[in-house]
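*Asks:* Structure of the sequence below:
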Amino acid sequence: MRGWWQEISDLVLPADCAGCGRPGGTLCDRCRGALRGSGARRVEPSPAPPGLPVVHAAVEYVDEARAVLLAHKERGALRLARPLGEALARAVRAACPGGGPGAGPRGRSAVGSGAVCGARPGTRRETRPGTRPCVGPGARPCGAPLLLVPVPSARRSVGARGHDPARRIALAAAGVLRADGRPARVPAVLCQRRRVTDQSGLDARQRRANVTGALGAVPGGGRLLVAGPVVVVDDLMTTGASLAEAARAVTAAGGLVIGAAVVAAPLTATNRN
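*Replies:* This is a model prediction of the structure:
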């Protein structure tokens, strides 16, 4: 009930900018520009947890971006999902070498080029005309949709907030990618297998111990993962423990993880560009 009431109130009640608090709309032009940033960057926490894929972040977790993410996540400002999804889509594009699978007019298509989705950049295999390339166990044809798999929220958190922030942003990002000619889906494949402690206040080692083995695939999730290569997504990366655990769970279920993407990462995350 809370979720639909939030959506209605967003439409009918006057709102101040979620980024700076100025009156005039949910997100002012200046704060919308802050979410666009200067381009997605490769980031890496220190220390990086074992199994963490290459991660790209759209913006730094500071100032307006931090305020907008918190407004969406904790205060239920659901109309922010669209601009946050646009930011996540930019990070997803950066995570996909060659423009990503099925790239449309604004991204070079890999189909017929010999490139292989989910393989390391530069991996090629000659194929007969009219066929789609595939190499090795788990490789996906390059016409396959990109699968955005969000780190799942705990049921109690979803109930308290009235929505699942990471999934909502992922759905918005998939819509942006499809509009840009890149097939993308958000399959509901991961769930929490056991209860985890609230991560706030935990250091990197404690967070890794808290989430290790906590995620798994839902029944039938493995069948959904064979549809295409996977980018693990979340709204924020701090220590990388949740992204690493999600990547492990996807791989264990038969998915092919090619990277990870987040809306924001802290300034302390090393820029690997």
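*Asks:* Which stretches in this protein count as strands?
*Replies:* Along the chain, counting by DSSP state E, strands occupy 41-44, 55-60, 146-150, 184-185, 190-192, 215-217, 230-236, 257-265, 270-271.
*Asks:* right, and Ala77 touches Ala18 too?
*Replies:* Yes: between Ala77 and Ala18 there is a contact under C-beta atoms under 8 Å: 5.3 Å. Placement of C-beta: from N, CA and C, glycine included.
*Asks:* Pull up the overlap in contacts between those two.
*Replies:* Thr26, Ala71 (C-beta atoms under 8 Å, 6 or more residues apart in numbering).
*Asks:* With neighbour numbers in mind, choose between these two.
*Replies:* Neighbour count, other C-beta atoms under 10 Å: between Ala77 and Ala18, Ala18 has more, with 23 against 20.
*Asks:* low pLDDT regions in the stretch 151-273 of the chain?
*Replies:* For the stretch 151-273 of the chain, the stretches flagged by pLDDT under 70 are 157-161, 198-199, 273.
*Asks:* Dead centre of this protein: give me the residue that sits there.
*Replies:* Val233 (2.1 Å; C-alpha atoms, centre = their mean).
*Asks:* Let me see the contact set for that residue.
*Replies:* Counting by C-beta under 8 Å, 6+ apart, Val233 has contacts 88, 91-92, 148-151, 166, 169-170, 173, 260-262.
*Asks:* likewise Leu147?
*Replies:* Here Leu147 is in contact with Ala184, Arg185, Val186, Pro187, Leu224, Leu225, Ala227, Gly228, Pro229, Val230, Val231, Gly255 (C-beta under 8 Å, 6+ apart).
*Asks:* ditto for Val59
*Replies:* If you count contacts by C-beta under 8 Å, 6+ apart, Val59 has them with Ala34, Leu35, Arg36, Gly37, Ala65, Ala87, Val263, Ala264.
*Asks:* what sits opposite the residue nearest to the centre of the chain in the beta ladder?
*Replies:* Beta-bridge partners for Val233, by DSSP bridges, are Pro150, Ala261.
*Asks:* if I look at it, how far off is Ala174?
*Replies:* 9 Å (C-beta to C-beta, to the nearest Å).
*Asks:* what do these two both touch?
*Replies:* Leu148.
*Asks:* returning to that earlier point: for Ala71, find the nearest of the strands of the chain.
*Replies:* strand 230-236 (11.7 Å; C-beta to C-beta).
*Asks:* what's around Val62, how many residues?
*Replies:* Neighbour tally, Val62, other C-beta under 10 Å: 12.
*Asks:* now swap in Glu86 and tell me
*Replies:* Residues lying near Glu86 (other C-beta under 10 Å) number 19.
*Asks:* what's near enough to touch it?
*Replies:* Glu86 sits in contact with Leu35, Arg36, Ala172, Ala173, Val176, where contact means C-beta under 8 Å, 6+ apart.
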